[in-house]
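1. take a look and give me a structure for this.
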Amino acid sequence: MSKPTTISLLQKCKQEKKRFATITAYDYSFAKLFADEGINVMLVGDSLGMTIQGHDSTLPVTVVDIAYQTRAVRRGAPNCLLLSDLPFMAYATPEQAFENAAIVMRAGANMVKIEGGAWLVDTVKMLTA
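-> Model prediction:
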């Protein structure tokens, strides 16, 4: 079994000019396939709303949906560095972001991804403190 992928390992790859791939995964089967092929950074994206659930946007995706798919990906790729999106309205306040990040990280994510601008400064500070 390979060693877990960490930020430190990725920084070392960058320093040594070694490339690495990142890919979006939503389930056990694809996560295992990707991990077996050496892809060691994966994202569970809110795009699962369209690709897995058949919605026409990401808006209906919930934290529960992301957590469910995160657990599946983690089982398929136990040593990958796993990022998971926090979906729309899951981080309206720093406190809400913290609570929802905890749910997703308990499901197996190493970190969460949020999208926005300067209005998220306090949220990012809270999540990275």
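2. Met105 versus the residue lying farthest from the centre of the chain, what's the distance?
-> Of all residues in the chain, Glu16 has its C-alpha farthest from the mean position, at 25.1 Å, by CA atoms, centre = their mean. Per CB to CB, to the nearest Å, Glu16 is found 29 Å from Met105. For the C-beta atoms, the positions are set from N, CA and C on the backbone; glycine is no exception.
3. buried set for stretch 80-90?
-> 80-88, 90 (16 or more other CB atoms under 10 Å).
4. same check on stretch 25-35?
-> For stretch 25-35, by 16+ other CB under 10 Å, it's 25-28, 30-32, 34-35.
5. and the contacts of that stretch?
-> Residues from elsewhere that reach stretch 25-35, judged by CB atoms under 8 Å, 6 or more residues apart in numbering: 23, 42-45, 48, 51-52, 69, 72-80.
6. let's see 6 Å
-> Applying CB atoms under 6 Å, 6 or more residues apart in numbering, the contact partners of stretch 25-35 are 23, 42, 48, 52, 69, 72-73, 75-77, 80.
7. what about the closest residue in space to Phe88 that isn't next to it in sequence, how many residues nearby?
-> By the measure of CB to CB, 6 or more residues apart in numbering, the closest residue to Phe88 outside its immediate chain neighbours is Leu59, 5.5 Å from it. When neighbours are defined as other CB atoms under 10 Å, Leu59 has 11 of them.
8. mind listing residues that contact stretch 58-67?
-> 46, 49, 84, 87-88, 90, 100, 103-104, 107.
9. please apply the same query to stretch 83-102.
-> Contacts to stretch 83-102, defined as CB under 6 Å, 6+ apart, come from residues 43-46, 59, 61, 63, 66, 70, 104, 109, 111-114, 122-123, 126-127.
10. straight-line length of that stretch, end to end?
-> Criterion CA to CA, to the nearest Å; first-to-last residue distance in stretch 83-102 is 13 Å.
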